[in-house]
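S.K.: need a 3D model of the following:
(one chain, ligands or ions: 2)
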Amino acid sequence: MAKSTGKSLVIVESPAKARTISKFLGPAYQVEASIGHVRDLPAGKKDVPEKYKAEDWAYLGVDIDQDFQPLYIVPTDKKKQVKKLKDALKEADHLYLATDEDREGEAISWHLREILKPRVPVDRLVFHEITKEAIAVLKKIEETSDVSFDLRYAPFGGQAYFDHGSAFPEETKKICDEADAILKGPIGLSFEESKNIPVDEQPERGALLPLRRRYNTFANFRPVYLPEELSHFSPLKPRVVEGGVDFMIIRELVGGLYFGEKERGENADGKRYVKEVLEYDEDQIRQILHVGFQEAMGRNKVLHNIHKNNVLKSSVLWCEVLDEVAIEYPEVEVKHLLVDAAATHMFLNPRQFSVMVMENMFGDILSDEAGGLLGSLGLMPSACMGPDKAYYEPSHGSAPDIAGQGIANPYSMIGSVAMMLEKSFGMKDEARKIWDAMRDVFGEGYTTADLRDPEGKLQPITTAEFGAKVVGKL
Ligand code: IPM
Ligand code: MN
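M.R.: Ligands and ions are numbered 1, 2, ... in the order given. Modelled structure (predicted):
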């Protein structure tokens with residue numbers, strides 16, 4: 001093999017994208033544009049290569065005798081660009097095809113592979129909306145502080161399955177094992193796309209839950225934060241959210257129903273049945289409760305314990321363990337609330353909450369409700385902490401219905417970067433700056449498409465514009 005250059009070639013679709021992306025990838029990556037498709041069918045007879053000119057199908061550009069084999073050519077105006085890409089590839093150890101994630105982007109990547117015949121490892125890379133903005137924020141923090149981040153990209157989720165046959169490929173596991181922290185973008189597929197993937201390789205079951213299990217990220221922090229000046233985004237009456245909302249949902253993330261044994265079958269009467277096991281042992285409960293109490297100590301020392309002990313035995317044990325743990329935190333006032341009642345209270349009086357602690361499924365549901373309280377799940381970042389490793393992700397999915405339109409709200413992704421800086425790297429001040437920058441951008445009267453604009457006075461901005469404004473403030 002050729003000598004190692006330590007350089008990667010990244011091919012995107014347009015020169016404008018190449019410029020933006022190269023700014024945040026740094027010098028180890030050469031970013032070039034394919035400028036759309038590098039190959040095409042001949043536009044007419046004059047484009048057909050000499051050796052085919054005599055064929056009677058030549059004017060069609062498709063060999064109708066050979067199973068309709070297309071005759072792809074490099075159009076004259078693309079020759080120079082293709083040469084440039086070939087030359088750049090000679091200098092690279094790794095090729096990333098980073099064309100768009102739509103079908104056309106896939107096709108462009110395929111043609112690039114066919115024509116460049118790379119002998120170095122090739123990866124398909126998609127710069128998801130919102131992730132791009134989050135990375136730009138991280139790069140800006142790097143510029144303005146004395147730390148530097150060694151960013152590695154790894155395929156994960158649906159696209160990883162299509163490209164590597166696994167939603168959580170071995171290579172990605174290795175990269176994650178070596179990382180100090182993991183920033184994860186949204187990974188879900190649309191209902192339609194999911195059907196093309198075996199159930200166990202679908203992104204949630206095939207990638208996300210295994211990631212949580214691998215690093216035992218049992219403590220999920222989901223801040224529910226809407227400062228006073230942004231309270232217009234909440235669908236609730238101003239008097240309910242007046243003064244702003246600021247509490248933390250602590251969700252147990254690797255136990256309970258989501259990770260319990262599952263069984264599906266047919267019973268003696270020929271009826272389909274399912275069985276899913278909800279299991280917790282006292283250590284698992286104790287460790288998440290400690291996280292809840294510690295968070296309460298750092299806030300105003302009130303902890304809401306969310307449970308369902310009038311029905312579930314798991315909640316009975318949970319509350320028992322809580323009483324034991326509480327002895328270690330005499331300053332914390334514990335308030336017990338049934339989960340169904342909590343759902344109501346969150347809307348009636350969200351300002352009463354400071355820290356809420358709960359098991360996995362309760363936390364999944366209430367944290368989405370909290371997104372509704374703020375006005376959008378786009379305002380919900382999160383941190384998933386394990387004993388040795390943490391990963392950070394928005395609490396929402398990939399919203400396939402709005403993908404690619406530049407209208408996704410990058411707040412939760414950028415907020416996840418802020419949480420990473422604070423929790424994994426002890427960079428509290430930098431994290432604060434990011435929160436403040438995001439608050440100020442919205443505070444100046446801008447809005448993203450997911451958020452309400454009750455008086456019709458806000459100015460809508462795109463995903464990229466929001467990101468750029470945040471970076472501008474750092
Ligand atoms: C979340 C998500 C996940 C969960 C899904 C995607 C498996 O909804 O992080 O809240 O249920 O935990
Ligand atoms: Mn959820």
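
S.K.: only C-alpha atoms from now on, for both contacts and neighbour counts.
M.R.: Will do.

S.K.: ligand 1 contacts on the stretch 51-200 of the chain?
M.R.: Taking C-alpha under 6 Å from any ligand atom as the contact definition, the stretch 51-200 of the chain does not meet ligand 1 anywhere.

S.K.: for the nearest residue to residue 203 once chain neighbours are set aside, which residues are in contact?
M.R.: In space, and not counting its chain neighbours, residue 203 is closest to residue 157: 4.5 Å by C-alpha to C-alpha, 6 or more residues apart in numbering. Each residue near residue 157 by C-alpha atoms under 8 Å, 6 or more residues apart in numbering is listed here: 167, 168, 187, 188, 202, 203, 204, 206, 207, 208.

S.K.: can you check residue 467 too?
M.R.: Contact criterion C-alpha under 8 Å, 6+ apart gives 130, 133, 134, 136, 137, 410 as the residues in contact with residue 467.

S.K.: give me the secondary structure label for it.
M.R.: Three-state secondary structure (criterion: DSSP: H, G, I helix; E, B strand; the rest coil) places residue 467 in helix.

S.K.: how close does it sit to residue 261?
M.R.: Plainly put, residue 467 is 42 Å away from residue 261 if you go by C-alpha to C-alpha, to the nearest Å.

S.K.: between the contacts of residue 467, which is nearest residue 249?
M.R.: Within these, distances to residue 249 taken as C-alpha to C-alpha reach their minimum at residue 410, with 20.6 Å.

S.K.: can you tell me how far the residue nearest to residue 203 sits from ligand 1?
M.R.: Note on residue 157: its distance to ligand 1, by C-alpha to the nearest ligand atom, to the nearest Å, is 11 Å.

S.K.: buried ones in stretch 383-393?
M.R.: Within stretch 383-393, the residues that qualify as buried by neighbour count (16 or more other C-alpha atoms under 10 Å) are 383, 384, 385, 386, 389, 390, 391, 392, 393.

S.K.: and those residues as JSON lines, adding pLDDT?
M.R.: As requested, these are exported to JSON lines (pLDDT from 0 to 100):
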{"residue": "383", "pLDDT": "98"}
{"residue": "384", "pLDDT": "98"}
{"residue": "385", "pLDDT": "98"}
{"residue": "386", "pLDDT": "98"}
{"residue": "389", "pLDDT": "97"}
{"residue": "390", "pLDDT": "98"}
{"residue": "391", "pLDDT": "98"}
{"residue": "392", "pLDDT": "98"}
{"residue": "393", "pLDDT": "96"}
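
S.K.: looking at those, which are in strands?
M.R.: Counting by DSSP state E, the buried residues of stretch 383-393 place 383, 384, 385, 390, 391, 392, 393 in strands.

S.K.: for those residues, work out which two are farthest apart.
M.R.: Of all pairs drawn from those, the greatest distance, 11.2 Å, lies between 385 and 393 (C-alpha to C-alpha).

S.K.: report the separation between the two terminal residues of stretch 454-470.
M.R.: For stretch 454-470, the first and last residues are 23 Å from each other (C-alpha to C-alpha).

S.K.: one more: stretch 335-342?
M.R.: End-to-end distance for stretch 335-342, by C-alpha to C-alpha: 11 Å.

S.K.: picking that back up, so which of the contacts of residue 467 sit within helices?
M.R.: Using DSSP state H, the members of these that fall in helices are 133, 134, 136, 137.

S.K.: hmm, who's touching the host helix or strand of residue 440?
M.R.: Secondary-structure assignment from DSSP states H and E places residue 440 in helix 428-443. Outside helix 428-443, the residues within contact range by C-alpha under 8 Å, 6+ apart are 141, 227, 229-230, 411, 414-415, 417-419, 421-422, 466, 469-470, 473-474.

S.K.: in strands, which of those residues fall?
M.R.: When DSSP E defines the strands, the subset of the contacts of helix 428-443 inside them is empty.

S.K.: now those: which count as buried?
M.R.: For these, burial is judged from neighbour counts taken by 16+ other C-alpha under 10 Å, and it is met by 141, 227, 229-230, 411, 414-415, 417-419, 421-422, 466, 469-470, 474.

S.K.: circling back: pull the helix holding residue 440 out as CSV, backbone CA atoms only.
M.R.: Provided in CSV are the C-alpha atoms of helix 428-443 (Å, rounded to 0.1, in the frame of the first residue of the first chain):
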residue,chain,number,x,y,z
LYS,A,428,-18.5,25.0,32.7
ASP,A,429,-17.8,28.6,31.5
GLU,A,430,-17.8,27.6,27.9
ALA,A,431,-21.0,25.6,28.3
ARG,A,432,-22.6,28.6,29.9
LYS,A,433,-21.5,30.7,27.0
ILE,A,434,-23.2,28.4,24.5
TRP,A,435,-26.5,28.4,26.5
ASP,A,436,-26.4,32.2,26.7
ALA,A,437,-25.6,32.5,23.0
MET,A,438,-28.6,30.4,22.1
ARG,A,439,-30.8,32.3,24.5
ASP,A,440,-29.7,35.6,23.0
VAL,A,441,-30.2,34.5,19.4
PHE,A,442,-33.8,33.6,20.2
GLY,A,443,-34.1,36.6,22.5
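
S.K.: still on that earlier bit, among the contacts of residue 157, which pair sits farthest apart?
M.R.: For these, the maximum inter-member distance is 13.0 Å, found between 168 and 188 (C-alpha to C-alpha).

S.K.: closest one of the buried ones among the contacts of helix 428-443 to residue 335?
M.R.: Of all those, residue 227 has the smallest distance to residue 335: 24.2 Å, by C-alpha to C-alpha.

S.K.: not counting its neighbours along the chain, what's nearest that closest one?
M.R.: With C-alpha to C-alpha, 6+ apart as the measure, residue 244 is the residue that lies nearest to residue 227, at 4.5 Å, once sequence neighbours are left out.

S.K.: any regions of the chain where pLDDT drops low?
M.R.: Low-confidence segments of the chain (pLDDT under 70): 1-4, 20, 23-24.

S.K.: what about residue 300, which SS state?
M.R.: Under the three-state scheme (three-state DSSP), the conformation of residue 300 reads as coil.

S.K.: I meant residue 5, not that one.
M.R.: Following three-state DSSP, residue 5 is assigned to coil.

S.K.: these two touch, right, it and residue 94?
M.R.: No - using C-alpha atoms under 8 Å, residue 5 and residue 94 do not qualify as a contacting pair, with a distance of 9.4 Å.

S.K.: quick revisit: most neighbours among the contacts of residue 157, please name it.
M.R.: Of all the contacts of residue 157, the highest neighbour tally under other C-alpha atoms under 10 Å goes to residue 167, namely 28 neighbours.
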